[in-house]
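predicted model, plus sequence, below.
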Amino acid sequence: MKFFIIFNLMFLYQVEAQYKTVGTKTRYPASSDNLVQSNSSQQQYDYEQTDSTHNGEHFFELHTYDSRLSNQPQQVPTKAPLILDATADFINKTRSSMAAGVCYKEVATASLVRHHQNVIPAGNGSTPELSKIQVCCAGYERNPHILTRCDPVCPDDCPNGICTAPNICVCMPGHVRNERGKCITTCPLGCGNGYCNSDNECRCKRGYTLEPQEKKYCIPQCEPACVAGNCVAPNKCECKEGFRLAVSGACEPDCDRCENGICTAPGVCTCNSGYIRTIDMCEPVCDQTVTRTHIFYQHRTTNKFSHVRLFLHPCAIH
C-alpha cells in the first residue's frame, strides 16, 4: 500500500513539473493535427506555451511561430499582384492611346427605314431628310470581330509591330525599324546578319557593318559605295530608277543617245567641248563661214555653157 502511494505521488510530481514549465517549445511531428495549409503545401510550426492567470483562473497562451522564419509571427500568404511583361504592357498602353477611327456620314433617312413602313421619321442630320451614321474614317477598316470598332490599315499588316494609325507602324519591344521600314529583331532577341555578344550588343558577320544610326542591326556593305541605289547584299548594288549599274559596280545616270557627251543626270546629256546638243544627239559645232563655189556646165541640146554659183555650209557635209 505504501509503495502504491509513493508511486502515485512521484507520477503527479512529474506531471506538475512538466505542466508548469514555461516557454518550453515542442516540435510537433509532420503527421500531427497542428499543420497549417498554405498554398497547397504543409508547413511545420513551433508552439510556445505560457501560463497566465485571469480572474483567478489559470489559462494557457499558445504562441505560434514559423520554424523557418526565425521565430517571427506568421504572415498570412497573399496572392502576388499580376505583373505584365514588357510586351503586354506596351500593347495595352499603345492600343489605349490609339484613335477610334470612327467618322460620321450623312445619308438619306429613307434608306435606313424598312420598306414596309410608310412613315419616315425626321433624321438627326443637317436636314430632316438626312441622318448621321458611323463609318470608318479614311485609312481605317472595320474590325471583323468588333463591328463598332475601326482599325488602321498599314502595308504588310505591320509584322512585329502595332499599326497605330494609317501607314504608321510602331515596333514592338525588342524590335527596331530598318532602312526599308520593317520592324526587325534586335538584341537580346536576335541580330540579323550578326550575333549578340555577352553584353547584348550586335556584332556583324563579314561583309556587313553596323547600321550607323540605331547601331542595333547589321546592313550589307558595298565597295564602292552604292550612292544612287540600295546595297542589298555584300558588294551587290541595286540601282534606283533612272540609273544603271556601271562596270565598276556603282550606279550611274542613264541617258539615251549620249554619244560625244556625258550623262550627268537621268535623261540629261551634257555634250563634250566642240559639240552642241540638238534634239536627240550631240553634233559638232561648225564655223559660220560659207564657201562659194562656181560651177560651169554645158547643155547637151544647145551646146551652150551656163554658170551656177553654189553656197555650201560645211556643217551640212558629213
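It's in. A quick note: this is a predicted structure, and the numbers were derived from the prediction, not measured. Numbers count the residues shown, from 1 in each chain.

that's a strand at Pro212, yeah?
No. Read with DSSP: H, G, I helix; E, B strand; the rest coil, Pro212 is coil and lies in no strand.

and it, how far from Asp151?
To Asp151, Pro212 is 35 Å away according to C-beta to C-beta, to the nearest Å. Where you see a C-beta, it was placed from the backbone N, CA and C, and this is true even at glycine.

cool, and Asn118?
The spacing between Asn118 and Asp151, counted by C-beta to C-beta, is 39 Å.

the helix or strand hosting Cys103 pairs with which strands, and in what direction?
According to DSSP states H and E, Cys103 maps onto strand 102-108. Partner strands for strand 102-108, per DSSP bridges, with pairing direction: strand 130-136 (antiparallel).

what sits up against the partner strand?
If you take C-beta atoms under 8 Å, 6 or more residues apart in numbering as the criterion, strand 130-136 is touched by 101-109, 112, 123-125, 142, 148, 150.

how does it look with 7 Å?
Strand 130-136 is contacted by residues 101-109, 112, 123-125, 142, 150 when judged by C-beta atoms under 7 Å, 6 or more residues apart in numbering.

closest to Asp199 out of those residues?
Gly101 (41.8 Å; C-beta to C-beta).

that closest one touches Cys137, doesn't it?
Yes. Using C-beta atoms under 7 Å, Gly101 makes contact with Cys137 at a distance of 5.1 Å.

need the overlap of contacts for these two.
With C-beta under 7 Å, 6+ apart as the test, Gly101 and Cys137 both reach Cys150.

neighbour count winner among the two?
Set Gly101 next to Cys137 and count neighbours by other C-beta atoms under 10 Å: Gly101 wins out with 21 against 16.

residues contacting that one?
Going by C-beta under 7 Å, 6+ apart, Gly101 touches 136-137, 140, 150-152.

and if we set it to 8 Å?
Shown here is Gly101, whose contacts under the criterion C-beta under 8 Å, 6+ apart are 136-137, 139-140, 149-152.

give me the subset of those residues lying in strands.
Using DSSP state E, 136, 140, 150-152 are the members of the contacts of Gly101 that sit in strands.

hmm, back to that, closest to Asp256 out of the contacts of Gly101?
Lowest distance from Asp256 to the contacts of Gly101 (C-beta to C-beta) belongs to Gly139, with 39.9 Å.

who's in contact with the closest one?
Contacts of Gly139 (C-beta under 8 Å, 6+ apart): 101, 152-153, 165-167.

which of the residues you listed are buried? Put it as a ChimeraX command.
Only the buried entries of the contacts of Gly139 go into this ChimeraX selection, using 16 or more other C-beta atoms under 10 Å:
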select :101,152,153
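
can you put the contacts of Gly139 in JSON lines and add distance to Arg244?
Below are those laid out as JSON lines (distance: C-beta to C-beta, whole Å):
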{"residue": "Gly101", "distance to Arg244": "44"}
{"residue": "Pro152", "distance to Arg244": "39"}
{"residue": "Val153", "distance to Arg244": "36"}
{"residue": "Ala165", "distance to Arg244": "38"}
{"residue": "Pro166", "distance to Arg244": "35"}
{"residue": "Asn167", "distance to Arg244": "31"}
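
now the two most distant members of the contacts of Gly139.
Most distant of the contacts of Gly139, by C-beta to C-beta, are Gly101 and Asn167, 13.1 Å apart.

any idea which element the nearest residue to Ala86 once chain neighbours are set aside lies in?
The shortest distance from Ala86 to any non-neighbouring residue, by C-beta to C-beta, 6 or more residues apart in numbering, is to Pro173 (4.9 Å). Under the criterion DSSP H and E, no helix or strand holds Pro173.

shouldn't Pro173 be in contact with Ile91?
No. Between Pro173 and Ile91 there is no contact under C-beta atoms under 8 Å: 9.4 Å.

need the strands for the stretch 201-318 of the chain, in chain order.
Per DSSP state E, counting those that start in this stretch, the stretch 201-318 of the chain carries strands over the ranges 202-204, 208-210, 218-220, 229-233, 236-239, 243-245, 251-253, 261-265, 268-271, 275-277, 282-284, 291-298, 305-312.
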